[in-house]
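In: Prediction below, plus the sequence it came from.
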Amino acid sequence: MSELAAVLFDMDGTLVDTETLWWLTTEEIATGLGYALTEADAPEVVGRAVEDTAAHLVRASRAGDPAEVAEALTGSFFRRVEEGAPMRPGAQRLLTALEAEGIPFALVSASPRVVVDSVVGGSLAHVPFAFTLSADDTALTKPHPDPYRVAAERLGAEPRACVAVEDSPDGAASAEAAGCGLLVVPSLLPVPASPVRTFARSLTEVTPNTLRACLPAPRGA
């Protein structure tokens, strides 16, 4: 198998069960704008940056200011996260296995820094991430490739030597565009298949060797 330089984990819906909290938050803010959130809104909500979701709610409701709505979303979500965000099934076992093999791993999230720090200081306080990357740390966040390219660079690795673990279409698009290997474990939204995407139903099925098998074939192979 190819050498696995690092694993880059998405946070919301991948390592911790915050996607449900984010949906409840968005539903609450949407109601305040006079708009009823439905499943049709999911692609604009799940796995998206706060600013993207805020812009969608303003468009859909024809009410509010995008900056104020983004602030309200962040504040409400932060309060929910502070109350506790449980880890996803199999996450702890996989992180422990990677640590035992000496494989570094980092957190690459599209959530704001204040939310990332809250989760990392709470549910994930015991996890030895090499570093954490938030939406505030790159000029563009997911679905753009910037977060995963920057993460690989910080680790001194080529993106193609890293595997991203994602749960959403935007996150998968970001990792794929960056050139990373990609394991998708869908949560609230279905993720389209592609030739470079490997799928698992749950992290309970995933081992370090599963991740190694997600690496792109060596150039010239």
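Out: Received the coordinates, thanks.

In: domains of this structure?
Out: Domain segmentation of the chain under automatic domain parsing yields 6-16+86-212, 19-82.

In: end to end, how far does the first one reach?
Out: This points to domain 6-16+86-212. Domain 6-16+86-212 has an end-to-end distance of 10 Å (C-alpha to C-alpha, to the nearest Å).

In: hmm, back to that, lowest-confidence stretch among the domains of the chain?
Out: Averaged per stretch, pLDDT over those is lowest on domain 19-82, reaching a mean of 92.

In: Ala164: what's it in contact with?
Out: 7-10, 108, 148, 171, 174-175, 178, 180-183 (C-beta atoms under 8 Å, 6 or more residues apart in numbering). C-beta here means a position set from N, CA and C on the backbone, and glycine is covered the same way.

In: Using JSON lines, lay out the residues you listed together with distance to Ala125.
Out: Formatted as JSON lines, the contacts of Ala164 follow (distance: C-beta to C-beta, whole Å):
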{"residue": "Val7", "distance to Ala125": "19"}
{"residue": "Leu8", "distance to Ala125": "20"}
{"residue": "Phe9", "distance to Ala125": "15"}
{"residue": "Asp10", "distance to Ala125": "18"}
{"residue": "Val108", "distance to Ala125": "18"}
{"residue": "Tyr148", "distance to Ala125": "24"}
{"residue": "Gly171", "distance to Ala125": "23"}
{"residue": "Ser174", "distance to Ala125": "26"}
{"residue": "Ala175", "distance to Ala125": "25"}
{"residue": "Ala178", "distance to Ala125": "28"}
{"residue": "Cys180", "distance to Ala125": "26"}
{"residue": "Gly181", "distance to Ala125": "28"}
{"residue": "Leu182", "distance to Ala125": "27"}
{"residue": "Leu183", "distance to Ala125": "24"}
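
In: Just the buried ones from those, in ChimeraX syntax?
Out: In ChimeraX, this line selects whichever of those come out buried by 16 or more other C-beta atoms under 10 Å:
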select :7,8,9,10,108,148,171,174,175,178,180,181,182,183
